[in-house]
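Engineer: here you go, sequence then predicted model.
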Amino acid sequence: MNGAHAVARTLLASGVEVCFANPGTSELHFVAALDNEPGLRAVPCLFEGVATGAADGYGRMTSRPAATLLHLGPGLGNGLANLHNARRAATRVVNLVGDHATFHKQYDAPLESDIDAMARTVSGWVRRCDDAATAGNDVAEAVAAATGAPGKVATVILPADVSWSDGGRPAPPVAAQPPAVVPERTVASVAAALRTGEPSAILLGGPATRESALRAAARIAATTGARLLCETFPARLERGAGLPAVERLGYLAEGAMAQLDGVRHLVLAGTRAPVSFFAHPGLRGPLAPDDCLIHTLATAADDVATALDHLADMLAVDRPAVLQAAGRPVLPTGALTAETAAAAVGALLPEGAIVVDEANTSGLWLPAATAGGPRHDWLTLTGGAIGQGLPLAVGAAVAFPDRPVLCLEADGSAMYTISALWTQAREGLDVTTVLFANHSYAVLTMEAQRLGTPAEGHARRDLLDLSRPALDFVSLARGMGVPASRATTAEDLTAQLQKAFTEPGPHLIEAVVPALF
């Protein structure tokens with residue numbers, strides 16, 4: 001057995017069942033090994049950023065790692081943006097990055113680079129294999145590192161000669177680090193702060209945006225009067241009718257500061273103290289008030305759900321959680337705008353949907369329009385590196401082929417990883433993409449206004465405008481095998497959504513909406 005076969009067999013033994021792949025020459029022995037391991041599904045991706053984003057989507061939905069297969073340093077470099085998002089989401093991912101044979105590296109061949117340094121920028125664990133005999137063990141430890149709390153990106157660098165050399169031995173699974181138990185004194189300290197009666201808020205993130213933790217947090221909020229908030233961009237938020245309603249912290253610093261204004265005690269559960277996304281003249285970075293006392297109940301590495309349950313018991317919670325009432329918008333008519341598009345999505349959202357939200361400025365009305373819909377999962381742009389939505393939808397659909405996936409995507413962001421549509425078609429994935437086409441980088445126009453930069457000027461017009469020429473997403477999608485249509489009225493969008501939701505396989509709807517900024 002060679003090293004590549006030992007790696008593939010170890011991945012399977014450790015519970016890794018999917019590999020999102022864009023291989024090159026150095027990885028071809030691992031490709032051959034996949035032929036002998038039919039239980040390890042290989043999903044082809046035409047760009048490494050699609051492979052890494054798909055692994056992120058898969059990991060968020062299953063809490064288990066997928067593997068990626070990347071070609072040397074440039075391949076890893078192409079995947080870095082979505083690995084950054086995965087790192088911010090604490091997603092479990094195992095990267096296999098091929099490298100030159102160990103004896104060939106001395107020649108500084110054209111694809112030679114410092115893979116180790118590059119990997120460390122997004123990985124919580126990195127190891128370079130140096131022997132076929134130990135490659136299996138290296139991979140078993142990588143899976144354990146990725147899987148342990150709070151979840152991380154683990155990268156294995158696999159030289160070509162390690163892959164092709166004999167002497168490979170599969171390794172048994174390695175136990176992952178479980179979440180840490182929150183000490184009794186920490187829970188008691190937080191309970192004491194909430195008993196003061198002073199204005200309080202609970203900020204949820206990471207594992208605390210799942211149902212069991214949400215219910216405990218909502219009971220605490222109902223009893224203490226604390227405001228219940230979650231991160232601006234949660235990795236996976238369970239929501240819909242019958243679940244606790246949670247208010248997301250605003251993206252704009254001014255809005256988030258208004259939400260936290262007057263709060264004396266801020267309790268963190270599975271997240272860190274919030275800060276603004278960018279520096280702005282005259283605005284402070286921390287979002288909590290200066291006199292706010294910040295209490296960490298649990299970090300993302302802790303058993304957050306149990307800590308919240310314990311806190312609820314300690315506070316003698318006797319009031320039920322406030323749950324989201326069922327309710328949908330009426331089907332919209334007339335002009336198609338970001339607001340009427342959100343109403344159409346809310347009116348038609350399927351039961352059990354997985355919603356991937358990278359609609360950016362066109363998505364401002366989506367949370368309110370879908371809050372009372374059937375239960376669903378909401379995945380967001382955790383790290384702010386755009387080009388995540390289409391690949392994330394690929395991974396979510398591979399993870400749960402029996403659930404509808406709805407990808408709400410901005411046009412500028414879509415072009416970063418548009419080839420994900422080809423993978424959706426190739427794999428027959430049930431993904432409906434609503435592509436918001438406002439023909440601009442509207443979020444940058446908004447930020448330019450906030451920064452007070454000049455409103456006019458050819459550079460701003462040229463760099464933030466996407467209309468010269470206009471992108472034709474219907475043609476782009478059809479060219480990659482995805483059925484596509486264009487909606488220019490609210491009626492168009494509702495009819496096309498209804499059709500897409502009742503047919504298997506991928507669909508794309510280009511929703512032509514005006515830019516908000």
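Structural biologist: Received the coordinates, thanks. These numbers were taken from a predicted model, which means no experiment stands behind them.

Engineer: after the longest helix along the chain comes which helix or strand?
Structural biologist: If you go by DSSP state H, the chain has its longest helix at helix 72-89. Proceeding N to C from helix 72-89, the next assigned helix or strand is strand 93-99, under DSSP states H and E.

Engineer: can you check what angle separates the longest helix of the chain from strand 93-99?
Structural biologist: Counting by axes from the mean of the first three to the mean of the last three C-alpha atoms, to 10 degrees, helix 72-89 lies at 170 degrees to strand 93-99.

Engineer: let me know the next secondary structure element after the helix or strand containing Ala218.
Structural biologist: Per DSSP H and E, Ala218 falls inside helix 211-224. On the C-terminal side of helix 211-224, the nearest following helix or strand under DSSP H and E is strand 227-230.

Engineer: counting by contacts, list what that next one packs against.
Structural biologist: Counting by 3 or more C-beta pairs under 8 Å, 6 or more residues apart in numbering; DSSP states H and E, the packing neighbours recorded for strand 227-230 are strand 200-204, helix 211-224, strand 247-248. Just so you know, the C-beta spots here come from the backbone N, C-alpha and C atoms, and that holds for glycine as well.

Engineer: could you pull up the mean pLDDT of the second one?
Structural biologist: Yep, that's helix 211-224 we're talking about. Helix 211-224 shows a mean pLDDT of 97.

Engineer: now do the buried residues in it.
Structural biologist: By neighbour count with 16 or more other C-beta atoms under 10 Å, helix 211-224 contains the buried residues 213-224.

Engineer: burial measure for Thr62, as a count.
Structural biologist: By other C-beta atoms under 10 Å, 18 other residues sit near Thr62.

Engineer: shouldn't it be in contact with Ala399?
Structural biologist: Yes. Thr62 is within contact range of Ala399, at 4.9 Å (criterion: C-beta atoms under 8 Å).

Engineer: tell me the secondary structure at the residue nearest to Val16 when sequence neighbours are not counted.
Structural biologist: Nearest residue to Val16 in three dimensions, chain neighbours excluded: Ala67, at 5.3 Å (C-beta to C-beta, 6 or more residues apart in numbering). Here Ala67 is recorded as strand under DSSP: H, G, I helix; E, B strand; the rest coil.

Engineer: quick one: residues contacting Ala67.
Structural biologist: Counting by C-beta atoms under 8 Å, 6 or more residues apart in numbering, Ala67 makes contact with 11, 16, 18-20, 40, 55, 93-96.

Engineer: just Ala4 next, same as before
Structural biologist: Residues in contact with Ala4 (C-beta under 8 Å, 6+ apart) are 29-30, 32-33, 158, 163-164, 168.

Engineer: tell me the confidence at His280?
Structural biologist: Looking at His280, its pLDDT stands at 86.

Engineer: so it: helix, strand or coil?
Structural biologist: Using three-state DSSP, the structure places His280 in coil.

Engineer: tally of neighbours for it?
Structural biologist: Quick note: His280 (other C-beta under 10 Å) scores 16 neighbours.

Engineer: give the buried residues for the worst-scoring helix or strand of the chain on mean pLDDT.
Structural biologist: Of all the helices and strands that make up the chain, helix 458-464 has the lowest average by mean pLDDT, DSSP states H and E, namely a mean of 82. For helix 458-464, the neighbour count (16+ other C-beta under 10 Å) marks Leu464 as buried.

Engineer: any idea how far the residue in the chain sticking out farthest from the centre lies from Ala101?
Structural biologist: Using C-alpha atoms, centre = their mean, the residue of the chain lying farthest from its centre is Tyr107. It sits 38.9 Å away. Distance of Tyr107 to Ala101, given as C-beta to C-beta, to the nearest Å: 10 Å.

Engineer: rewinding a little: report all helices and strands that the helix holding Ala218 contacts.
Structural biologist: In terms of contacts (3+ C-beta pairs under 8 Å, 6+ apart), helix 211-224 is packed against helix 184-195, strand 200-204, strand 227-230, helix 304-314.

Engineer: ok, 7 Å please
Structural biologist: strand 200-204, strand 227-230, helix 304-314 (3 or more C-beta pairs under 7 Å, 6 or more residues apart in numbering; DSSP states H and E).

Engineer: pick the most buried one from those.
Structural biologist: With neighbours taken as mean count of other C-beta atoms under 10 Å, the helices and strands packed on helix 211-224 reach their highest mean count in strand 200-204, at a mean of 26.

Engineer: okay, now the unreliable bits of the protein?
Structural biologist: 455 (pLDDT under 70).

Engineer: any buried residues in the helix or strand just after the least confident helix or strand of the chain, and which?
Structural biologist: Counting by DSSP H and E, the element after helix 458-464 in chain order, helix or strand, is helix 473-479. Neighbour counts over helix 473-479 (16+ other C-beta under 10 Å) mark 473-474, 476-478 as buried.

Engineer: how near is the nearest residue to Pro234 once chain neighbours are set aside to Gly479?
Structural biologist: Closest residue to Pro234 apart from its sequence neighbours, by C-beta to C-beta, 6+ apart: Thr209 at 4.6 Å. Distance of Thr209 to Gly479, given as C-beta to C-beta: 37 Å.

Engineer: repeat that for Ala6.
Structural biologist: To Gly479, Ala6 is 40 Å away according to C-beta to C-beta.

Engineer: cool, and Pro281?
Structural biologist: Distance of Pro281 to Gly479, given as C-beta to C-beta: 45 Å.

Engineer: then Ala208?
Structural biologist: 42 Å.

Engineer: just Val512 next, same as before
Structural biologist: Applying C-beta to C-beta to Val512 and Gly479 gives a distance of 19 Å.

Engineer: same check, this time on Cys129
Structural biologist: Distance from Cys129 to Gly479, by C-beta to C-beta: 39 Å.

Engineer: same question for Arg319.
Structural biologist: Taken as C-beta to C-beta, the span from Arg319 to Gly479 is 56 Å.

Engineer: and if you look at Ala86?
Structural biologist: Here the distance between Ala86 and Gly479 works out to 29 Å (C-beta to C-beta).

Engineer: Gly250 is in contact with Ala256, correct?
Structural biologist: Yes. Shown here, Ala256 and Gly250 form a contact pair, counting by C-beta atoms under 7 Å, at 4.3 Å.

Engineer: in terms of neighbours, single out the busier of these two.
Structural biologist: Shown here are Ala256 and Gly250; by other C-beta under 10 Å, Ala256 has more neighbours (21 against 17).

Engineer: hang on, that one in a strand?
Structural biologist: No. Counting by three-state DSSP, Ala256 falls outside a strand, being helix.

Engineer: name the nearest residue to Thr224, sequence neighbours excluded.
Structural biologist: Counting by C-beta to C-beta, 6+ apart, Thr224 lies nearest to Leu194, which is 4.5 Å off, once chain neighbours are set aside.
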